[in-house]
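[1] the sequence and its predicted three-dimensional model are supplied below.
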Amino acid sequence: MPRHDDWLLAQLPAGMVAEDFFARFVRIFQAQAETLLAHADNLPYLADPRLAPPEMVRFLAQWVGLPGLDPGLPEDVQRSLLVAGTRALPWRGTAHGLRLLLEGCTGGPARVVDGGGVHPLGDEPADPAWVRLEVATTGHLTQEELVELVRGEVPAHVRVELVVGGRTVWPRVPAAAVPAHGGAA
C-alpha cells in the first residue's frame with residue numbers, strides 16, 4: 001500500500017508541522033518507521049515459495065518436513081522441491097502422498113505399491129508393512145538425498161524398496177550377496 005511521503009507529519013497538528021526543527025525531527029522517526037512498515041508489508045510474501053528469499057525457502061522446507069535443502073541447488077529447484085513437499089503434506093503417510101512427493105522431487109512419474117489397505121478378517125497379508133517406490137530418475141537430487149527423503153517419509157517399521165531407473169538403490173544389497181552371472185563350470 002503506497003504511503004504519502006510525509007505520512008507521519010500529516011497526522012500532526014498544523015502548528016507543529018510549521019516548525020522546521022520539529023518537522024525534521026519527526027522525519028527521523030518516520031524513516032525508522034518506514035523500515036518497520038516495509039517488513040510488515042512483506043510478511044504475506046515470505047511464505048510464498050515463488051517470492052520468498054532463498055533462505056526463507058530452505059527454512060519453510062524444514063517446516064514441512066523436508067530435509068535441509070542444499071543451498072547449492074539452483075533457486076528454481078529449491079522452490080519446486082518446497083512446492084512438492086507442501087502438496088504432499090496433507091497426504092503424508094499415504095501411498096498417494098509418497099507418489100506426490102516423489103513426482104515433485106524427481107520431476108517425473110512415480111509408482112508406489114504397498115502392502116497396506118483394508119482387508120477382511122482372515123484375508124490380511126502376512127507382511128503388510130512394505131512399500132516399493134519406483135522412479136525413472138532422481139531429478140536434481142543425488143541418490144543419497146532421495147534415499148534420505150524416503151527414509152524420512154516412511155515409518156521405521158515399514159520395509160522399503162526404492163528403485164531408480166529399474167535398479168534397486170535401497171536397501172543396498174552387499175556385493176557378496178549378489179549372485180555371479182555366467183555359465184556353470
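    Structure received.

[2] residues contacting Thr168?
    Residues near Thr168 by CB atoms under 8 Å, 6 or more residues apart in numbering: Glu161, Leu162. To be clear about C-beta, it is placed using only N, CA and C from the backbone, and glycine gets the same treatment.

[3] ok, it to Glu148 distance?
    Computed with CB to CB, to the nearest Å, the distance linking Thr168 and Glu148 is 17 Å.

[4] likewise Ala33?
    Distance, Ala33 to Glu148, using CB to CB: 45 Å.

[5] do the same with Met16
    62 Å.

[6] what does Leu9 give?
    For Leu9 relative to Glu148 (CB to CB), the value is 56 Å.

[7] quick one, phi/psi of Gly115?
    Dihedral pair for Gly115: phi -90, psi 10, per degrees, to the nearest 10.

[8] what's the domain layout of the chain?
    Domain assignment for the chain by automatic domain parsing gives 14-46, 54-175.

[9] any chance of the ones you listed in CSV, with distance to His4 and mean pLDDT too?
    As requested, these are arranged in CSV below (distance: least, CB to CB, whole Å; pLDDT from 0 to 100):
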stretch, distance to His4, mean pLDDT
domain 14-46, 11, 88
domain 54-175, 30, 90
